[in-house]
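Asks: pasting the sequence and the predicted coordinates here, then a few questions.
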Amino acid sequence: MGWVSAGDYEVALDDGKVVCRNAAGRLLKSVPPKIADDPAVVGLRQLVEWLERHERQCLTDVERWMVRSLPVPFAVVARVWPDPAWQAALRDLVVTGADGEVAGFLRDADPERGLGLVDLDGDTVRITPDLVRLPHPVLLDDLEDLREFAVELGVEQRAQQLFREVWHRPATLDAEGTSVEEYAGGAFKEQRFLHGRVTQLGYRVRGGNAVHAVLEDGRTVEARVWVGDYESYEESETGPLTFTDPAGRVLRLGQVGPVAWSEGMRMAAALYAGRDIEDEERAA
């Protein structure tokens with residue numbers, strides 16, 4: 001974007017910031033206060049805010065596709081790829097074929113040439129699938145090998161895929177059980193601190209539970225951790241992890257799919273990590 005006049009100065013956008021230069025063309029350290037309300041300056045700052053919201057929304061949408069392992073039409077990916085915000089969110093994600101086999105890391109999307117990928121041999125290849133599959137990492141069989149290869153390639157994923165924390169359901173799990181106690185009992189000095197932790201992590205509180213809905217294989221499963229009904233000043237602690245169907249019925253653990261299990265354990269672990277360590281150390 002070029003320079004536009006703002007009083008006796010000119011302003012422009014540079015790397016997401018409003019910059020200013022004087023009549024002599026010298027770049028200033030900041031925008032002078034006397035032109036802060038100039039329509040050109042106000043318009044550019046509003047544009048910066050919109051671009052930031054757009055970037056966050058693109059990243060949120062791509063992470064939602066990935067968490068749900070939701071196949072995305074190739075035409076959609078090719079259409080949004082020229083947008084830098086979409087491209088940054090999609091770039092370097094692992095793409096798999098319909099059989100679940102890894103096709104490569106996403107580097108390009110062109111309506112005519114197809115997807116540009118770096119395959120596991122380090123070669124650039126082109127494919128044109130009807131649907132682009134961006135799997136949840138718990139579904140990738142060779143996740144550790146992919147992580148090592150990604151480091152070698154210098155891959156930097158904006159959307160957390162390869163380096164997202166994953167939990168696999170233990171082989172010794174009681175399939176008839178209905179709760180997981182591993183991250184229960186995380187103590188917080190005040191219940192409002194626990195509720196604040198839920199919000200900080202991007203989850204919601206409903207009916208006294210931190211909740212996270214996961215769509216897996218066309219079915220919605222909600223992971224729940226009890227955090228208390230009210231934001232009080234009394235001590236509180238995290239409850240066990242449970243899973244429910246859309247009607248609110250508690251599921252047996254054997255009915256929970258790998259993605260819902262991993263995302264539920266991820267939420268429970270993150271809440272537990274914010275507990276009051278000092279009290280634990282004193283008790284020990």
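Replies: Perfect, thanks for sending it. Note that the structure is a prediction, hence the values are computed from the model and not measured. Residues are numbered from 1 along each chain as shown.
Asks: any idea how far residue 175 is from residue 28?
Replies: Distance, residue 175 to residue 28, by Cβ to Cβ, to the nearest Å: 66 Å. (Each C-beta comes from the backbone N, C-alpha and C, glycine too.)
Asks: that should have said residue 181, apologies.
Replies: In terms of Cβ to Cβ, residue 181 sits 59 Å off from residue 28.
Asks: where does the closest residue to residue 263 other than its chain neighbours land on pLDDT?
Replies: Ranked by Cβ to Cβ, 6 or more residues apart in numbering and with sequence neighbours excluded, the top spatial neighbour of residue 263 is residue 214, at 5.0 Å. pLDDT for residue 214: 95.
Asks: my read is that residue 214 contacts residue 243, right?
Replies: No - using Cβ atoms under 8 Å, residue 214 is not in contact with residue 243, being 9.0 Å away.
Asks: between these two, which contacts overlap?
Replies: Here residue 214 and residue 243 have 221-223, 260, 264 as joint contacts, going by Cβ atoms under 8 Å, 6 or more residues apart in numbering.
Asks: point out where this protein drops to low pLDDT.
Replies: Counting by pLDDT under 70, the chain has low-confidence residues at 1, 279-284.
Asks: let me see the contact set for the residue nearest the centre of it.
Replies: Centrality entry for the chain: nearest residue to the mean C-alpha point is residue 63, 4.7 Å, by Cα atoms, centre = their mean. By Cβ under 8 Å, 6+ apart, residue 63 lies in contact with 89, 159-160.
Asks: what segments of the stretch 51-200 of the chain are helices?
Replies: 74-80, 84-90, 143-153, 191-200 (DSSP state H, counting those that start in this stretch).
Asks: what sits up against the third one?
Replies: Helix 143-153 is touched from outside by 92, 94, 102, 105, 118, 120, 122, 137, 140, 157, 162-163, 166, with contacts defined as Cβ under 8 Å, 6+ apart.
Asks: what of the last one?
Replies: Helix 191-200 is contacted by residues 188, 204-205, 210, 227-228, 230-238, 271, 274 when judged by Cβ under 8 Å, 6+ apart.
Asks: C-terminal to it, what's the next element?
Replies: Following helix 191-200 in sequence order, the next helix or strand is strand 204-206 (DSSP states H and E).
Asks: what sits up against that next one?
Replies: Here strand 204-206 has contacts from 195, 198-199, 210-211, 227, using Cβ under 8 Å, 6+ apart.
Asks: swap the cut-off to 7 Å and go again
Replies: For strand 204-206, contacts defined as Cβ atoms under 7 Å, 6 or more residues apart in numbering pick out 195, 198, 211, 227.
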